[in-house]
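Visitor: fold the following and give me the result.
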Amino acid sequence: MDFELILKNLTERFDKEGIRYALTGGLALGALGAPRATLDIDFLVHKDDLGALHKIMLELGYEKRFQSENVSQYRHAAPGLSVDYIHAFRQTSLNMLDRAGKQMIGGGKNSVRVLTPEDVIGLKVQAMANDPDRKAKDSADIESLMAIHGARLDWKRLAEYYALFGMDNELQRLKEKFGHAH
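Guide: The predicted model follows:
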C-alpha cells in the first residue's frame, strides 16, 4: 500500500478545501523521526470541517464506517485502507491544531501538517487512559518520541496531559528515564 501517495492525495484536497487538519498516529511518528509500522492513517480535524471532509472522502472513493461525537472512520475498498479522524472541538485539541506545523515526509517529497511531538504524546496518553490494552504500544511510541525530542520537549505541556488522565507517576518515571527530572 502506498501510504505516501494516499496521504498526498488526501492532504492536497484538505489544503485546497481549507480543511483544518494535522497528521497524528503512526505516520506522524515517522514524520517526527520515530517510524513504526502502521495499518491506517490518523488525523486530528476541526469538527466544523467534518461536512466538507465527508464530501472529499466520498469523492475519493471512501465510505464512512463509523462516526461518534469524537471520531469518524472511513475505509477505501481498493487499497483496504482505513482513515481515522479525531474530531477537534475542545480547546485542548483546537490548540493542538493551531500548533501543528508542516513536516516533509516521503523522502522530502510531500509536506504535511503534523502535530507536535508533545501533542502526539498527549493523544497517546488519552488513548491509554481510554483503553488500557493499548498501553504497551502507546508507551513504546511515547518513549521513542521522548528519546528523540526529549531535550526540546515542552515538559510543562506534557505534565498537563499526564495530570489530566491521572498519570503523573508515569510522567515522573519518564522524566527520570530521559534525564529531565526536576
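Visitor: quick check: buried residues in the helix or strand bottoming out on mean pLDDT in the chain?
Guide: In the chain, the helix or strand scored least confidently by mean pLDDT, DSSP states H and E is strand 101-105, which has a mean of 89. Of the residues in strand 101-105, those scored as buried under the neighbour-count criterion (16 or more other Cβ atoms under 10 Å) are 103, 105. The way it works is simple: take the backbone N, C-alpha and C, and place the C-beta from them, glycine included.
Visitor: buried ones in the next helix or strand after it?
Guide: The helix or strand immediately downstream of strand 101-105 is strand 110-114, counting by DSSP states H and E. If you call a residue buried by 16+ other Cβ under 10 Å, then strand 110-114 has these buried ones: 110, 112-114.
Visitor: need the pLDDT of the closest residue to Ile6 other than its chain neighbours.
Guide: The shortest distance from Ile6 to any residue that is not its chain neighbour, by Cβ to Cβ, 6 or more residues apart in numbering, is 6.3 Å, and that residue is Leu81. What the model reports as pLDDT for Leu81 is 86.
Visitor: cool, Gly51 as well?
Guide: Reported pLDDT at Gly51 in the predicted model: 97.
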